[in-house]
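Visitor: for reference, the sequence and a predicted model appear below.
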Amino acid sequence: MPNAQPMRPSVQSSGQTARHIAWRTLVRIEHEGAFANLVLSSMLNDSNLSKEDRGFVTDLVYGTTRQRRACDAAIDRFITSEPDPEIRTLLRLGAYQLLFGGTAPHAAVSETVELASRRLRGFVNAVLRRISSTPMIWSSEAEALSYPDWIVDRFRSEMNESDALAALNIMNSPAPVTRRADGYFQDLSSQWVVDALGARSGEVVLDMCAGPGGKATGVAHSGATVIAADSQEHRAKLVAQNAAVFGQTLPVVVADGTRPPFRPGSFDRVLLDAPCSGLGALRRRADARWRLQPADIADLELLQRRLLAAAATLVRPGGVLLYSVCTITRSESVEHEVPEGLELIGREGDQQLPPLPDIWKQFETGFRILPHEYLPPTERSVDERVGSDGMIILRYRRQV
């Protein structure tokens, strides 16, 4: 229920409790169009909360955002008319705690009710108490999983039913925190993409869409000379900042990837981590499922094809191009035509490319990791899967 005008909260002005800050953050996400990660970071930085309470706010904000549809379904059973938008948000916050957050019901209800104005406390209390005492019967799988219907349908069309539901389920849990050997926090699948590129010391490598710099700095550890490019200046600056943390000197260029300012055949390897729908990384982007529309994917597919064609011209004869996207869709990956002059490289690799580990499953002409598939080597039960971002790669060689 977007609203172009900033909300005046129906809460008490005193007391910056964890739930109060979570509520204020959610109002900005749901009704002012703020991005969850950016506004949450800002709100926490402005608070005096303890580390424990900051973690609680993060769970409330991301969890309520992911479970928005499911929370609304629970709420709608007990209201006869639509409440003000900010009260809808407050009810979602309470419903999340009751249904998914593991909060004791008396605390979830009473502490959430305290945020409402005196005039509305009775209403909020009545709805949340009914939610806490009435079993929920979901009308559909999409409602229970709290995704738009079209996303659930897309997952089902891209894989079997079991994998689709497992992938969607694991993306409703917080993303695992993984850290490279150098201390950089980066999802495992992104680290595996860097490994799949196989860069070597002495080579010249272009990271074509490099911001914020995780993959570029990872490639630089190989000893290769890495040129980082990005079309957005603020993302290019992030690359430079991240490189500086590791004492790396990466030339960073602000450039349109569809019209790259480099001579043809300039690079031994090119990494094209292309803009995509991000359907494989929804656990990391709590609000993306509500922002993304099917038409957006069609626009991205056109951009990806243009970037891929441009990237192909930059690879020297015998050189390597790796295309990656953090999604699960054929139309954003294996359905793209092989660029002129390139040939696909399989799992076994060759003298220039390492073989791919088993975590990369064959996906038509490319390779895919689904969000639920990664099981740490020390774990034995599929119930203990931590998963990773979903990712697709295709590896190409320019013909000599």
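Guide: Okay, I see it. In this text, all values refer to a predicted model and were calculated from it rather than measured experimentally.

Visitor: so where is this structure shaky, pLDDT-wise?
Guide: Low-confidence segments of the chain (pLDDT under 70): 1-15, 378-385.

Visitor: which residues of it fall in strands?
Guide: 204-207, 225-230, 252-254, 267-273, 315-325, 342-344, 361-363, 366-369, 391-398 (DSSP state E).

Visitor: can you redo those as JSON lines with distance to residue 109 and mean neighbour count?
Guide: In short, each C-beta sits where N, CA and C put it, glycine included. Formatted as JSON lines, these follow (distance: least, C-beta to C-beta, whole Å; neighbours: other C-beta atoms under 10 Å):
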{"stretch": "strand 204-207", "distance to residue 109": "50", "mean neighbour count": "24"}
{"stretch": "strand 225-230", "distance to residue 109": "47", "mean neighbour count": "25"}
{"stretch": "strand 252-254", "distance to residue 109": "51", "mean neighbour count": "19"}
{"stretch": "strand 267-273", "distance to residue 109": "45", "mean neighbour count": "26"}
{"stretch": "strand 315-325", "distance to residue 109": "43", "mean neighbour count": "22"}
{"stretch": "strand 342-344", "distance to residue 109": "57", "mean neighbour count": "15"}
{"stretch": "strand 361-363", "distance to residue 109": "45", "mean neighbour count": "14"}
{"stretch": "strand 366-369", "distance to residue 109": "41", "mean neighbour count": "23"}
{"stretch": "strand 391-398", "distance to residue 109": "41", "mean neighbour count": "24"}
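
Visitor: need the ones you listed in CSV (columns: distance to residue 87).
Guide: Formatted as CSV, the strands of the chain follow (distance: least, C-beta to C-beta, whole Å):
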stretch, distance to residue 87
strand 204-207, 46
strand 225-230, 41
strand 252-254, 44
strand 267-273, 42
strand 315-325, 39
strand 342-344, 55
strand 361-363, 45
strand 366-369, 41
strand 391-398, 40
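
Visitor: of the ones you listed, give the one that comes closest to residue 140.
Guide: Closest to residue 140 of these, according to C-beta to C-beta: strand 366-369, at 26.4 Å.

Visitor: ok, residues contacting the closest one?
Guide: The set of residues external to strand 366-369 that reach it, using C-beta atoms under 8 Å, 6 or more residues apart in numbering, is 189, 192, 280, 328, 333-334, 344, 347, 356, 359-361, 388-394.

Visitor: ditto for stretch 326-337
Guide: Against stretch 326-337 from outside (C-beta under 8 Å, 6+ apart): 154-155, 158-159, 167, 189-190, 274, 276-281, 297, 300-301, 304-305, 308, 323, 325, 363-366, 368, 370-371, 389-392, 394.

Visitor: endpoint to endpoint, it covers what distance?
Guide: End-to-end distance of stretch 326-337 (C-alpha to C-alpha, to the nearest Å): 19 Å.

Visitor: okay, buried residues for that stretch please.
Guide: Using 16 or more other C-beta atoms under 10 Å as the test for burial, stretch 326-337 gives 326, 327, 328, 329, 330, 331, 332, 333, 334, 336.

Visitor: mind listing the helices for the stretch 201-350 of the chain?
Guide: 214-220, 233-245, 288-291, 294-313 (DSSP state H, counting those that start in this stretch).

Visitor: just how off-centre is the third one within its chain?
Guide: So that's helix 288-291. Put simply, helix 288-291 sits 10 Å off its chain's centre (C-alpha atoms, centre = their mean, to the nearest Å).

Visitor: need the contact partners of it.
Guide: Helix 288-291 is contacted by residues 65, 66, 68, 147, 148, 151, 278, 281, 282 when judged by C-beta under 8 Å, 6+ apart.

Visitor: what would those residues look like in TSV with neighbour count?
Guide: Shown next, in TSV, are these (neighbours: other C-beta atoms under 10 Å):
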residue	neighbour count
65	24
66	28
68	23
147	24
148	15
151	21
278	20
281	24
282	27
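
Visitor: nearest to residue 141 among those residues?
Guide: Once C-beta to C-beta is applied, the member of the contacts of helix 288-291 that ends up nearest residue 141 is residue 147, at 8.9 Å.

Visitor: any idea how many residues pack against the residue lying closest to the closest one once chain neighbours are set aside?
Guide: Spatial nearest neighbour of residue 147, excluding adjacent residues (C-beta to C-beta, 6 or more residues apart in numbering): residue 289 at 5.6 Å. Burial of residue 289 is recorded as 22 neighbouring residues (other C-beta atoms under 10 Å).

Visitor: ok, residue 289 to residue 152 distance?
Guide: 10 Å (C-beta to C-beta, to the nearest Å).

Visitor: again, but for residue 184
Guide: 33 Å.

Visitor: quick one: contacts for residue 237?
Guide: Residues in contact with residue 237, defined by C-beta under 8 Å, 6+ apart, are residue 252.

Visitor: my bad, residue 294
Guide: 150, 154.

Visitor: rerun at 7 Å
Guide: Going by C-beta atoms under 7 Å, 6 or more residues apart in numbering, residue 294 touches residue 150.
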